[in-house]
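Student: Sequence and predicted structure are below.
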Amino acid sequence: MQKKQTEVGEIISVSGNIITVQLLDSIKSNMPVINGIVYRIGQIGSFLKVPLGYANLYGIVTQIGASAIPDRLKLDDFDFSKQTNRQFLNLALIGEQNGRKFERGVFQSPTTGDKVHLVTIDDLDVIYGGYNEDNSITVGSISISESLNAKIDLDKLVSRHCAVLGSTGSGKSNAVGVLLKSIADKEFPNSRILVFDPHGEYNSVLNNKSVVYKIRANKDEKELFVPYWALPFNELTSIFSGNLSDSNKEYFRTKIEEAKREAAIVNNIKIEKELITADSPIPFSRQKLWFDLDDFERQTFKRDKTTLCLINKGNPSKMISNVYESPGIGSSEPYMNNARKGILGFLDSVRLKLKDSTYDFLFKGDYIPDLEGKINMDIDNLLYEWLGNEKSVTILDLSGIPIDIMTSISGTLLKIIYDALFWGQNLSNGGKEQPLFIVLEEAHNYLKAGDNSISSKTVQAIAKEGRKYGVGLALVTQRPSELDETVLSQCGTIIALRMNNSKDRSFIRSAMQDELQTMVDLLPSLRTGEGIISGEGVRIPSRVKFYKLTDAPKGSDPKVSEKWKLEKKQSKENYNTLLSLWRNQKLKEEQK
Ligand SMILES: Nc1ncnc2c1ncn2[C@@H]1O[C@H](COP(=O)(O)OP(=O)(O)O)[C@@H](O)[C@H]1O
Ligand SMILES: [Mg+2]
């Protein structure tokens with residue numbers, strides 16, 4: 001009896017897995033009521049069923065109305081007046097049900113004349129069910145039927161990478177928070193997730209399930225350090241302003257390499273000397289290097305060209321230069337150092353940066369060597385803190401990194417982590433034995449298309465080969481069109497939330513399975529927190545309403561209207577303090 005009620009039309013053509021359905025003349029309403037439930041026929045993205053013997057084929061409605069009318073019916077000589085019903089729709093076949101089992105893909109093909117039926121709640125249960133509880137997480141409900149849970153296959157989500165795309169305010173961060181929380185809430189004592197959080201949004205989302213590393217940490221957070229000596233040479237030099245000529249850059253590179261080789265011995269680091277380059281993550285004393293380079297520029301000599309004309313001895317740890325007698329005029333004593341490089345301007349910028357407190361996360365703290373290059377703590381400790389801590393989720397809050405070096409520093413962090421897991425691939429803390437899921441918020445910053453930065457190269461490497469070493473990526477961005485296309489195509493699961501910009505949508509379209517591309521047209525109309533999940537992580541492409549987190553990720557923008565409501569405090573003294581902090585490049589007054 002139900003069969004008759006649910007019948008909506010008949011197949012009139014089949015082309016590959018796209019079938020065209022002519023709706024029954026008797027369908028007077030697009031909203032039939034069956035067993036007390038209202039169904040809507042012909043919603044883009046909804047399902048219809050084609051019973052074939054013991055099996056049911058399922059398809060997603062991709063087109064309705066004029067665009068779905070088969071070409072042959074559009075011919076001039078076709079007599080439309082003889083057609084009783086002119087309603088058509090197209091379905092993309094996506095799966096097949098045998099008994100209670102639903103599988104992606106179809107093994108048989110329907111033919112013209114086969115009947116097409118509505119999909120009922122019971123059918124939906126079959127379609128959306130069938131996840132293995134152990135390796136799936138629940139992230140929300142299915143939009144068309146709120147009573148059904150929306151699940152994602154965790155193994156596929158992590159190991160085949162995923163992308164969370166949507167306009168600002170569409171609910172990306174919330175969705176990511178839900179993903180993380182549902183993983184953290186499962187019994188996964190060995191799970192590890194690392195979040196690169198440029199705005200410090202996630203700190204409170206997972207409260208006791210996460211550790212937060214942050215520059216100028218608050219209570220309950222830990223201090224984030226990125227020792228300068230762990231940066232590859234190009235990233236390190238990019239911190240300092242002032243241009244170096246190519247030959248001076250080489251000079252600087254050689255000096256750093258020498259300093260690293262010496263410090264490797266001081267620190268008893270077991271490594272072949274020849275393997276050490278300016279890019280190696282090996283300590284060296286920034287102050288001694290600066291002092292030596294600076295001194296070389298300033299030296300003046302007596303007539304014998306070997307006796308130095310030093311007047312005042314400087315101090316490397318305080319970064320005070322040696323002072324020499326001024327050079328004589330013409331050919332008189334003292335003589336300048338003829339081999340000097342003319343890089344005092346650059347060295348000044350180095351000194352300023354080393355003293356600037358916003359850069360303390362690079363130049364101060366437990367990982368910083370003494371003048372001999374000796375360190376107390378090495379990067380293994382850093383890696384242990386980020387990757388080996390007892391919590392499921394580690395959040396690297398990057399909000400304190402000066403914006404001009406953000407990409408360079410976060411790219412370096414990513415590289416340090418990926419390199420470590422690559423070389424540790426055979427160990428129990430390598431990615432194969434303990435997979436790592438890396439979440440990149442604002443991923444477009446790492447991956448400018450066509451760009452050759454350390455972050456781009458690292459993300460590309462992880463996207464291509466991370467799977468082999470147990471490293472999965474989640475790319476979160478509001479500007480998918482700025483992402484490198486090859487990287488997006490490596491993302492097995494795509495979570496597309498509301499997306500207003502048509503350029504971005506066409507980008508998502510190209511990343512989606514062909515017959516589902518029309519679903520992309522739904523994206524501008526999605527509600528906040530609603531998304532289309534497609535790809536390997538789900539059994540079928542689903543329109544999903546994500547749960548809303550109680551502790552939603554929060555942007556750190558001050559609430560203007562709130563702040564402006566407060567009473568005005570006029571104090572000249574405050575501006576005096578402000579000026580002093582600025583001049584001293586400090587964010588806080590020093591405790592006396
Ligand atoms: N599933 C949801 N249900 C209800 N509200 C949501 C949902 N997801 C997000 N929101 C709300 O929408 C706003 C923007 O969400 P957010 O995750 O910050 O978006 P995005 O990261 O894409 O900019 C927030 O105020 C958030 O509370
Ligand atoms: Mg966000």
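Tutor: It's in. Ligands and ions are numbered 1, 2, ... in the order given.
Student: For stretch 8-26, which residues meet the burial criterion?
Tutor: 8-9, 11-14, 17-24 (16 or more other CB atoms under 10 Å). Yep, even glycine has a C-beta here, placed from its N, CA and C like the rest.
Student: In the chain, what residue comes closest to ligand 1?
Tutor: Ligand 1 sits closest to Gly529 of the chain, with a gap of 2.2 Å, by CB to the nearest ligand atom.
Student: Now that residue. Nearest residue, chain neighbours left out?
Tutor: Among residues not flanking Gly529 along the chain, Gly171 sits closest, at 3.9 Å (CB to CB, 6 or more residues apart in numbering).
Student: Report how many residues lie close to the one you found.
Tutor: 26 (other CB atoms under 10 Å).
Student: so what's the spatially most central residue of the chain up against?
Tutor: For the chain, Leu440 is the residue whose C-alpha lies nearest the centre (CA atoms, centre = their mean; 1.7 Å). Shown in contact with Leu440 (CB atoms under 8 Å, 6 or more residues apart in numbering): Phe196, Leu414, Tyr446, Val459, Leu473, Ala474, Leu475, Val476.
Student: looking at the sheet around the closest residue to it other than its chain neighbours, what are its partners?
Tutor: Counting by CB to CB, 6+ apart, Leu440 lies nearest to Phe196, which is 5.1 Å off, once chain neighbours are set aside. When bridges are called by DSSP bridges, Phe196 pairs up with Leu396, Leu440.
Student: Was I right to think Phe196 contacts Ser410?
Tutor: Yes. Contact criterion CB atoms under 8 Å: Phe196 and Ser410 qualify, at 5.8 Å.
Student: shared neighbours of those two, anything?
Tutor: Common contacts of Phe196 and Ser410, defined by CB under 8 Å, 6+ apart, comprise Leu398.
Student: List the contacts of the residue nearest to Leu440.
Tutor: Leu396, Leu398, Ser410, Leu413, Leu414, Ile438, Val439, Leu440, Glu441.
Student: Go again with 7 Å.
Tutor: Leu396, Leu398, Ser410, Val439, Leu440, Glu441 (CB atoms under 7 Å, 6 or more residues apart in numbering).
Student: same deal with Ala511?
Tutor: Contacts for Ala511 were tallied using CB under 7 Å, 6+ apart; they are Leu488, Ser489, Ile494.
Student: Can you flag which of those residues belong to helices?
Tutor: Leu488, Ser489 (DSSP state H).
Student: Would you write a PyMOL line that selects the buried entries of the contacts of Ala511?
Tutor: To isolate the buried members of those in PyMOL, using 16+ other CB under 10 Å:
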select buried, resi 488+494
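Student: In this structure Met31 contacts Ile37, no?
Tutor: No. Between Met31 and Ile37 there is no contact under CB atoms under 7 Å: 10.6 Å.
Student: Which helix or strand contains whatever residue of the stretch 1-150 of the chain ends up closest to ligand 2?
Tutor: The stretch 1-150 of the chain approaches ligand 2 most closely through Val139 (16.2 Å), counting by CB to the ion. Assigned by DSSP states H and E, Val139 belongs to strand 136-142.
Student: Contacts (any at all) between ligand 1 and that strand?
Tutor: No. Counting by CB under 6 Å from any ligand atom, ligand 1 has no neighbours in strand 136-142; the shortest distance is 6.7 Å.
Student: got the contact list for the residue nearest to Gly529?
Tutor: Applying CB under 7 Å, 6+ apart, we find Gly171 in contact with Leu497, Thr528, Gly529, Phe546.
Student: Pipe those into a markdown table and attach distance to ligand 2 and neighbour count per row.
Tutor: Output for the contacts of Gly171, formatted as a markdown table (distance: CB to the ion, whole Å; neighbours: other CB atoms under 10 Å):
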| residue | distance to ligand 2 | neighbour count |
| --- | --- | --- |
| Leu497 | 10 | 26 |
| Thr528 | 12 | 14 |
| Gly529 | 12 | 21 |
| Phe546 | 13 | 24 |
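Student: Could you work out the most separated pair of these?
Tutor: Thr528 and Phe546 (9.4 Å; CB to CB).
Student: what packs against the top helix by length along the chain?
Tutor: Using DSSP H, we find that the single longest helix of the chain is helix 246-266. Under the contact definition 3 or more CB pairs under 7 Å, 6 or more residues apart in numbering; DSSP states H and E, helix 246-266 sits against helix 233-239, helix 286-298.
Student: Can you lay out those helices as JSON lines showing mean pLDDT?
Tutor: Formatted as JSON lines, the helices and strands packed on helix 246-266 follow (pLDDT from 0 to 100):
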{"stretch": "helix 233-239", "mean pLDDT": "93"}
{"stretch": "helix 286-298", "mean pLDDT": "97"}
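Student: how about those helices, which one is nearest ligand 2?
Tutor: Nearest to ligand 2, of all the helices and strands packed on helix 246-266, is helix 233-239, at 26.2 Å by CB to the ion.
Student: and that closest one, what does it pack onto?
Tutor: Contacting helix 233-239 under the criterion 3+ CB pairs under 7 Å, 6+ apart are the following elements: helix 246-266, helix 406-423.
Student: Single out the most deeply packed of those.
Tutor: helix 406-423 (a mean of 21; mean count of other CB atoms under 10 Å).
Student: Quick check: mean pLDDT of it?
Tutor: Across helix 406-423, pLDDT averages out at 91.
Student: do the same with stretch 225-232
Tutor: Here the average pLDDT along stretch 225-232 is 95.
Student: Which residue ranges make up each domain of the protein?
Tutor: Domains of the chain are assigned by automatic domain parsing as 2-130, 135-224+377-546, 233-358.
Student: So which of the ones you listed is the most surrounded?
Tutor: domain 135-224+377-546 (a mean of 20).
Student: distance between that one and the chain's centre?
Tutor: Chain-centre distance of domain 135-224+377-546: 5 Å, with CA atoms, centre = their mean, to the nearest Å.
Student: Start and end of it, how far apart?
Tutor: The first residue of domain 135-224+377-546 is 19 Å away from its last residue (CA to CA, to the nearest Å).
Student: Can you name the residue of the stretch 151-300 of the chain nearest ligand 2?
Tutor: As assessed by CB to the ion, ligand 2 sits closest to Ser173 within the stretch 151-300 of the chain, at 3.3 Å.
Student: which outside residues touch the helix or strand where that residue lies?
Tutor: Using DSSP H and E, Ser173 falls within helix 172-184. The contact list for helix 172-184, computed with CB under 7 Å, 6+ apart, reads 137-140, 154, 164, 166, 191, 193, 201-202, 205-206, 209, 392-393, 439, 474, 476, 495, 497, 529, 531, 546-549, 552-553.
Student: Out of those residues, name the ones that lie in helices.
Tutor: Leu154.
Student: Export stretch 335-348 to PDB, keeping only CA atoms.
Tutor: The C-alpha trace of stretch 335-348 is given here as PDB (Å, rounded to 0.1, in the frame of the first residue of the first chain):
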ATOM      1  CA  TYR A 335      93.000  52.300   8.900                       C
ATOM      2  CA  MET A 336      89.500  50.800   8.300                       C
ATOM      3  CA  ASN A 337      89.000  47.100   7.900                       C
ATOM      4  CA  ASN A 338      89.200  46.700   4.100                       C
ATOM      5  CA  ALA A 339      87.400  43.400   4.200                       C
ATOM      6  CA  ARG A 340      84.300  44.900   5.900                       C
ATOM      7  CA  LYS A 341      81.000  44.100   4.200                       C
ATOM      8  CA  GLY A 342      79.000  47.300   4.800                       C
ATOM      9  CA  ILE A 343      76.200  45.600   6.700                       C
ATOM     10  CA  LEU A 344      76.000  47.800   9.800                       C
ATOM     11  CA  GLY A 345      72.400  48.800   8.800                       C
ATOM     12  CA  PHE A 346      71.300  45.200   8.700                       C
ATOM     13  CA  LEU A 347      73.000  44.400  11.900                       C
ATOM     14  CA  ASP A 348      71.300  47.300  13.600                       C
END
